[in-house]
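Novice: one predicted model, sequence on top.
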Amino acid sequence: MKIAILGCGAMGSVYAALLGDAGHEVWAIDSWREHIKAIKEKGLRLEGASGSRRVKLNATSNTSEVGVCDLVIIATKAMHVEQAAQSALPLLGADTAVLSIQNGLGGPQAVAKILGTDKVAVGVVGGFGASIKEAGYAHHNGWELVRLGELSGPITERLKTIASAWESGGFRVECFDDIDQLIWEKLICNVCFSGTCTLTGLNIGEVMAEPEAWVCASNCAREAYTVAITKNINVRIDDPIKYVKNFGSKIPNAKPSMLLDSLAGRISEVDVINGAIPIAGLEVNIETPFNSAISALIRNKEKQMGVR
C-alpha cells in the first residue's frame, strides 16, 4: 500500500517507521526540514516498545512530489489539521482513504469539510508515549491500541483494509461502529494527564504518585466521564479512575504531547482536550470546574510565553 503520513512529529514518525518496516511504500511529509533531511540521508530511527530499527523511507516537505496514495494519514496537531488537509489534495485519487488522527475533539470533522466526509475515517491512538529525540530519531514508551472508525457510518470493507495495513506494522487494532465511543474513551485519558502534566512539569507516573497533582488529574477524568455518560456516549468504562490509572500505569515515564509542546515553547492542544470538556459540559448542564481551571491556567501560561 502507498501511504502518505502528513505530520511526522513523534507519533507520525512511529507510524511511518513501523508501516515502512512492514513493506509499505511510505512517504513521510513534514515541514521540519531538518527531520526530513535526516530521514532522506540516514533513514528514520525508531526505538522503544516496538524494538530498535532504522527504516529507509521517502521523505519530503512538498506533497506535490508524492503522487496519488492509497491511504493518507493526517497526524498533525489539531491546530494544523486544516492546513494539512489542504496540502493533502494532490495525494487524493478516486479510491484514496484519509485517516485523521488527532487528540481531542473536532479534527476529523475539520478534515471532512475540506476533503469530503466520504473520504475520511477516524483514528484514535493512545498509550504510546512518543517523543522526538532529535531530527530523524523517534522513541515511544508504549505500544497500545489503535482505534479506527468511519466518520460517516459503521465499519466498512475500506476500514477493514486500513486496519489490515496497521496490523501488518505490528499495531494492535480495533474497529468501531461508533466514533464518539472511540474518541471519548481516549479523551478521558487525555484530559486526565495532559493538563496536569503541562502545569506541573511532571510525567504521567509522577502525577499519579503526587497526591495533590492526582486530585486535579483524576477530577479532570471524572468530569469528562460524567459529560460523556450524560451525552449518552457509549464508553466502555465502569470506573473512570480505575480506567485512567490502568492507562497511566502502562506508560509511567511518558510526557504527554501538551507538556512536550510547553517545554518546547509551542502552543498546545489544550483547546481540544481539557478545554473541550467545559464546552461539552455546557451542552448537557454539567459543571466542569477542574477542566475549566486547568484550561484557563494553561492558556494564560501560553499568553505569557508569547505563543497565544
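Specialist: Yep, it's here. Numbering: from 1, shown residues only.
Novice: okay, CA-based contacts and neighbour counts for the rest of this
Specialist: Noted.
Novice: then Gly23 would be within a helix, right?
Specialist: No: looking at Gly23 with DSSP: H, G, I helix; E, B strand; the rest coil, it is coil, so not inside a helix.
Novice: end to end, how far does stretch 234-247 reach?
Specialist: Using CA to CA, to the nearest Å, the end-to-end distance of stretch 234-247 comes to 19 Å.
Novice: run through who's touching it.
Specialist: Contacts to stretch 234-247, defined as CA atoms under 8 Å, 6 or more residues apart in numbering, come from residues 127, 180-182, 184-185, 188-189, 192, 208, 218, 221-222, 225, 228-229.
Novice: same thing with stretch 30-47?
Specialist: For stretch 30-47, using CA under 8 Å, 6+ apart, the contacting residues are 6-9, 13-14, 17, 28-29, 52-61, 134-140.
Novice: please name the nearest non-neighbouring residue to Gly93.
Specialist: The spatially closest residue to Gly93, leaving aside those adjacent along the chain, is Val68, at 5.7 Å (CA to CA, 6 or more residues apart in numbering).
Novice: now for the one you found: which residues touch it?
Specialist: Counting by CA under 8 Å, 6+ apart, Val68 has contacts 90-93, 96.
Novice: low pLDDT regions in the chain?
Specialist: Under the criterion pLDDT under 70, no range of the chain is flagged.
Novice: tell me the domain ranges of it?
Specialist: According to automatic domain parsing, the chain comprises the domains 2-177, 181-305.
Novice: how near is the closest residue to Met79 other than its chain neighbours to Ala75?
Specialist: Among residues not flanking Met79 along the chain, Glu269 sits closest, at 7.1 Å (CA to CA, 6+ apart). Distance, Glu269 to Ala75, using CA to CA: 13 Å.
Novice: between those two, which is the more surrounded one?
Specialist: Between Glu269 and Ala75, counted using other CA atoms under 10 Å, Ala75 has the larger neighbour count: 25 against 22.
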